[in-house]
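Colleague: I'd like to go over a predicted model; first the sequence, then the structure.
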Amino acid sequence: MNDEFGEFSERLSKSKSKKKKGMTLEKTVEMGEYNPQYLSTFPERITYSKIIRWQYIRRALKNRRQFLLLNWAETNNVLDFRLKPDMKLVLDNINKQIEFINKEEKRFRLEYLT
């Protein structure tokens, strides 16, 4: 498949060959995984200082919180919310997870910054 300059397929094949398979530390953090035990399975993380490890955890917590808030907003905007009482349970569970994330952030802040 070519674009107007006849280069599309060439660029596409080059970009595919550069992609790494599997999860990387960056991908994992972007997806909101903040558990230090899981993150320590990536060999490059072991060489990082405590402050840099904290920054990765902090960014993962931020991403997880953003994901949860987005889910909360999408769930809250369901049409005829009053006719779907099970959605209240979903919102309550999302709120519990947000509270848990806030507690985890405080715990990690104490652990990594003291």
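Modeller: Perfect, thanks for sending it.
Colleague: going forward, measure contacts between C-alpha atoms and count neighbours the same way
Modeller: Fine.
Colleague: quick one: the helices in the protein?
Modeller: Assignment of helices within the chain using DSSP state H yields the ranges 8-18, 25-30, 36-39, 43-46, 50-76, 86-113.
Colleague: buried set for the fourth one?
Modeller: Right, the one you point to is helix 43-46. Arg45 (16 or more other CA atoms under 10 Å).
Colleague: for that helix, what is the average pLDDT?
Modeller: Averaging pLDDT along helix 43-46 yields 88.
Colleague: follow-up on the earlier one: could you tell me the least trusted of the helices of the chain?
Modeller: Comparing mean pLDDT over these, the weakest stretch is helix 8-18, at a mean of 49.
Colleague: neighbours of the closest residue to Leu113 other than its chain neighbours, just the number please.
Modeller: The shortest distance from Leu113 to any residue other than its chain neighbours is 7.5 Å, reached at Ile51 (CA to CA, 6 or more residues apart in numbering). Counted by other CA atoms under 10 Å, the residues lying close to Ile51 total 11.
Colleague: now swap in Asn76 and tell me
Modeller: Asn76 has 14 neighbours, counted by other CA under 10 Å.
Colleague: thinking it is in contact with Leu89, fair?
Modeller: No: with contact defined as CA atoms under 8 Å, Asn76 and Leu89 do not form a contacting pair (11.2 Å).
Colleague: before we move on, the earlier item: how close does the residue nearest to Leu113 sit to Arg58?
Modeller: Between Ile51 and Arg58 the distance is 10 Å, computed by CA to CA, to the nearest Å.
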